[in-house]
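**Student:** sequence plus predicted model, see below.
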Amino acid sequence: MKSLLSVLALTLALPAFADEVASPLSFNLGAVSDYRYRGISQTRLKPALQGGIDYADPSGFYVGTWASTIKWIKDIPGGDAQVEIDLYGGYKTEISKGLTLDVGGLYYLYPSNNLKNVPGFANANTFEVYGALTFGPVTAKYSHSTTNLFGNVDSKNSGYLDVTASFDLGDGLMLAPHVGHQTVKHLAVASYTDYALTLSKDFSGLVLSGSVIGTDADKTFYASPANGKFLGKTTFVVGLKKTF
């Protein structure tokens, strides 16, 4: 928790300075009723506190960090780790009229996760490279792990392909359908498809969202070690995020 609170404190401390120097920095703070990542709950179907900082250079290069409270690692006996910290960077550019390319890398850091010392698991820390193409409202993205994937043994070279659209309905309303498929190398039972439909409303930088999220994931493999509940079940998630 200390790592996340440090990120949030920095986020709160920087905006005034950023505005004064017209910096390409942006900041966000938020909370969700359930932190779902690729359709799977990271918080045992419970709420999460989140925040991030991004720097986007006019040349197209960008870096950022984002953090969230989690429960899934600590729920594994001996796992520990209550925070996820994402570190990422990449390059985004228009390669032809209306077609944008985005390439980069993302490191998922779980401080003191200890999963490498738990039988049947690997280190939860994960690195992925990704590439995305956006045309109009539709983005297709592929992410490829160069390490084991989120604690799964011998899962290097796993991949996630997703397609997401974003439709402006006017008056600050956005509708975003999404579908993705996670393939876990050498572990077919862990592979699955996820889907979501999100409606959001922007109130001058304060965004309220509601999402229907679900998966066809294996109910046994993706059951919480803490209470046996299925972490990929279809649910409705409410989110509130402030960007400044």
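**Tutor:** In hand now; what should we look at?
**Student:** what bridges to D54?
**Tutor:** D54 has the following beta-bridge partners by DSSP bridges: S26, G64.
**Student:** mind listing what's buried in the helix or strand A31 falls within?
**Tutor:** Using DSSP states H and E, A31 maps to strand 25-32. Neighbour-count burial for strand 25-32 flags L25, F27, N28, L29, G30, A31, V32 (criterion: 16 or more other C-beta atoms under 10 Å). To be clear about C-beta, it is placed using only N, CA and C from the backbone, and glycine gets the same treatment.
**Student:** how about stretch 148-163?
**Tutor:** Buried residues in stretch 148-163, defined by neighbour count with 16+ other C-beta under 10 Å: N148, L149, F150, G151, N152, S155, K156, S158, G159, Y160, D162.
**Student:** what does stretch 127-139 give?
**Tutor:** F127, E128, Y130, A132, T134, T139.
**Student:** in strands, which of these appear?
**Tutor:** Cross-referencing the buried residues of stretch 127-139 against strands under DSSP state E gives F127, E128, Y130, A132, T134, T139.
**Student:** which one among those gets closest to S41?
**Tutor:** Distance to S41 across these (C-beta to C-beta) is lowest for E128, with 19.9 Å.
**Student:** so is the nearest residue to N148 once chain neighbours are set aside in a helix, a strand, or just coil?
**Tutor:** Among residues not flanking N148 along the chain, A122 sits closest, at 4.1 Å (C-beta to C-beta, 6 or more residues apart in numbering). At A122 the chain is in coil, as set by DSSP: H, G, I helix; E, B strand; the rest coil.
**Student:** hang on, isn't A122 packed against K156?
**Tutor:** No: using C-beta atoms under 8 Å, A122 is not in contact with K156; the gap is 9.2 Å.
**Student:** who touches both of the two?
**Tutor:** Common neighbours of A122 and K156, counting by C-beta atoms under 8 Å, 6 or more residues apart in numbering, are N148.
**Student:** can you redo the buried residues of stretch 148-163 as a markdown table with secondary structure, pLDDT and distance to G64?
**Tutor:** Shown next, in a markdown table, are these (DSSP: H, G, I helix; E, B strand; the rest coil; pLDDT from 0 to 100; distance: C-beta to C-beta, whole Å):
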| residue | secondary structure | pLDDT | distance to G64 |
| --- | --- | --- | --- |
| N148 | coil | 98 | 24 |
| L149 | coil | 98 | 21 |
| F150 | coil | 98 | 20 |
| G151 | coil | 98 | 24 |
| N152 | coil | 98 | 26 |
| S155 | coil | 98 | 25 |
| K156 | coil | 98 | 25 |
| S158 | coil | 98 | 23 |
| G159 | strand | 98 | 22 |
| Y160 | strand | 99 | 19 |
| D162 | strand | 98 | 19 |
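**Student:** which of the residues you listed lies closest to D54?
**Tutor:** Of all the buried residues of stretch 148-163, D162 has the smallest distance to D54: 20.4 Å, by C-beta to C-beta.
**Student:** one step back: the residue nearest to N148: neighbouring residues, count only.
**Tutor:** The number of residues packed near A122 is 19, by other C-beta atoms under 10 Å.
**Student:** what segments of this protein are helices?
**Tutor:** Here the chain has its helices, by DSSP state H, at 2-13, 15-20.
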